[in-house]
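A.B. asks: For reference, the sequence and a predicted model appear below.
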Amino acid sequence: RKRGSRLAAFFCESVLGCAGQIMLPPGYLAAIYPLVREAGGVCVADEVQTGFGRVGEHYWAFQSQGVVPDVVTLGKPMGNGFPLAAVVTTHAMARTFHNGMEYFNTFGGSNLACAVGLEVMQIIEDEKLQENALRVGNFLISRLRQLSKQYPFLGHVRGMGLFIGVEVVVPDHPSQPHARNLAEW
């Protein structure tokens, strides 16, 4: 601010998947989003890995934080293997793109991609895959936590639904990762 610049955006995975399924502290995004907006930025939720019910209790992981982002990025699960991604935003944000400059994308709006995305969402609903992610994920997390008491090389177990992280560690030095223990198990 001292140099006259503004914050453009705050991008955050709703669960830090690239960092190892690290859960954000409760209320983290609810505390950060107002600060970002006050500084002139927009809040972007990265749901590329966590969206579409994978976290079980919520369809979108950002919902676990009690926030509504300005922009949501979607990807991998949306196409179930078919290359497909999307950006979802508010009407107010979308109107800012109506400025006389055309947007062009070679692959944007493919009828096949749109059909795949719609079918995937229908299957998620019809087959109750979000509910399954919650049920199976809770069971798996519970069992992994039990196993971690029996096998000291299994460190911290964390996650939501079927978005789960398990640390494999050196038993006497739990801060040191050690994958060989898992291979020998």
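C.D. replies: Sure thing, it's come through. Residues are numbered from 1 along each chain as shown.

A.B. asks: helix, strand or coil for G159?
C.D. replies: Under the three-state scheme (DSSP: H, G, I helix; E, B strand; the rest coil), G159 adopts strand.

A.B. asks: Chain neighbours aside, what residue packs nearest to it?
C.D. replies: Counting by CB to CB, 6 or more residues apart in numbering, the nearest residue to G159 once its immediate chain neighbours are dropped is Q21, at 5.0 Å. (C-beta placed from N, C-alpha, C; glycine too.)

A.B. asks: What is the burial count for the one you found?
C.D. replies: Using other CB atoms under 10 Å, Q21 has 21 neighbouring residues.

A.B. asks: Assess the claim that it and G165 are in contact.
C.D. replies: Yes. Taking contacts as CB atoms under 8 Å, Q21 lies within contact range of G165: 2.9 Å.

A.B. asks: Pull up the overlap in contacts between these two.
C.D. replies: Here Q21 and G165 have R158, G159 as joint contacts, going by CB atoms under 8 Å, 6 or more residues apart in numbering.

A.B. asks: one step back: and the residue nearest to G159, how far from R158?
C.D. replies: 6 Å (CB to CB, to the nearest Å).

A.B. asks: Need the overlap of contacts for the two.
C.D. replies: Listed as contacting both Q21 and R158 by CB under 8 Å, 6+ apart are I164, G165.

A.B. asks: What are the phi and psi values at N132?
C.D. replies: The phi/psi pair for N132 (degrees, to the nearest 10) reads phi -60, psi -40.

A.B. asks: Just give me the neighbour total for it.
C.D. replies: Neighbours around N132, by other CB under 10 Å: 15.

A.B. asks: Over to the one 10 residues further on?
C.D. replies: The burial metric for S142, expressed as a neighbour count using other CB under 10 Å, is 11.
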